[in-house]
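Chemist: sharing a sequence plus its predicted fold:
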Amino acid sequence: MNIAVVANGEWNQEWGKRELSTYERLIAADGGANRIIESGYLPDALVGDLDSIKEENLEICRQQGIRILSYPCEKDETDLELALDYAAKVSEEEANGDSDAGRIKEIFLLGATGGRIDHLLGNLSIMFGFLKRGFQIRMKDPHQELWLLAGQKKLTGLKGQKLSIVPVTEKAIVRTEGLYYPLHQEVLHQDSPRGISNAFLGDEALIEVSSGTVAVVTLHSNFAS
């Protein structure tokens, strides 16, 4: 199931209208409901302490019978963490009995870039925790996409499209195929930016991380210069 969690970060409404149409389920993390509604859609669920959603949008959710999971403002988890946890449960319920249920599951995260740096760092921590649970959170905005990888993944892109591979553990052993700067089971260190600004040789590439975890960032062509 194609599912997206929408946060309350920077948002391009024109991009949002196109992007949101590609998902089967939309989960709003508090003020993320503003982004969804202003883009012409409704969330399937609203999760958080409800201190960021506009009152008129909260009323729309109530009138439309949207499922609302309300939490106190003083809590250990962020609204985004709670929304992602809800999305993970929905994903697991939908996958019940599916022969591919053992594979890592993807949840897209929109509206989570820009704004406060501490929120961005916290979101990366959340992504790390969900990866351990078998969920790959793919953070996406109009310019770029970021996810954490431990294992192997085939990528599709465009010839010359930029991407970066940055270890988020002390070190990572990485092999690549189809990139301008190849890696042959080489060690990338957390304190070195060696993996920044690689590029697709064609329209496909492979990244294999046999030890450690890396962040993979792909840049869209209008943002890759």
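Modeler: Received, thanks. Numbers count the residues shown, from 1 in each chain.
Chemist: next one, pLDDT for the residue in the chain sticking out farthest from the centre please.
Modeler: Each residue of the chain has a distance to the centre, and by C-alpha atoms, centre = their mean the biggest one is for Gln63: 29.4 Å. Per-residue confidence (pLDDT) for Gln63: 97.
Chemist: same deal with Lys132?
Modeler: With respect to pLDDT, Lys132 scores 92.
Chemist: also Asp100?
Modeler: We have a pLDDT of 58 for Asp100.
Chemist: likewise the one 3 residues further on?
Modeler: The model reports Arg103 with a pLDDT of 69.
Chemist: ramachandran angles for the residue farthest from the centre of the chain?
Modeler: The phi and psi values for Gln63, taken as degrees, to the nearest 10, are phi -70, psi -30.
Chemist: repeat that for the one 3 residues further on.
Modeler: Backbone torsions for Ile66, taken as degrees, to the nearest 10, come to phi -70, psi 140.
Chemist: I'd say it and Tyr41 touch.
Modeler: No. With contacts defined as C-beta atoms under 8 Å, Ile66 does not count as touching Tyr41, sitting 11.2 Å away. To be clear about C-beta, it is placed using only N, CA and C from the backbone, and glycine gets the same treatment.
Chemist: per-domain residue ranges of the chain.
Modeler: 3-142, 149-223 (automatic domain parsing).
Chemist: low-confidence ranges, this protein, go.
Modeler: Along the chain, the parts satisfying pLDDT under 70 run over 97-103, 221-225.
Chemist: any idea how many residues pack against Val5?
Modeler: Per other C-beta atoms under 10 Å, the neighbour tally for Val5 reads 29.
Chemist: I meant to write Ser52 there.
Modeler: Ser52: 15 surrounding residues under other C-beta under 10 Å.
Chemist: helix/strand/coil for it?
Modeler: Secondary structure for Ser52, judged by DSSP: H, G, I helix; E, B strand; the rest coil, is coil.
Chemist: gap between it and Leu146?
Modeler: 23 Å (C-beta to C-beta, to the nearest Å).
Chemist: great, nothing more from me.
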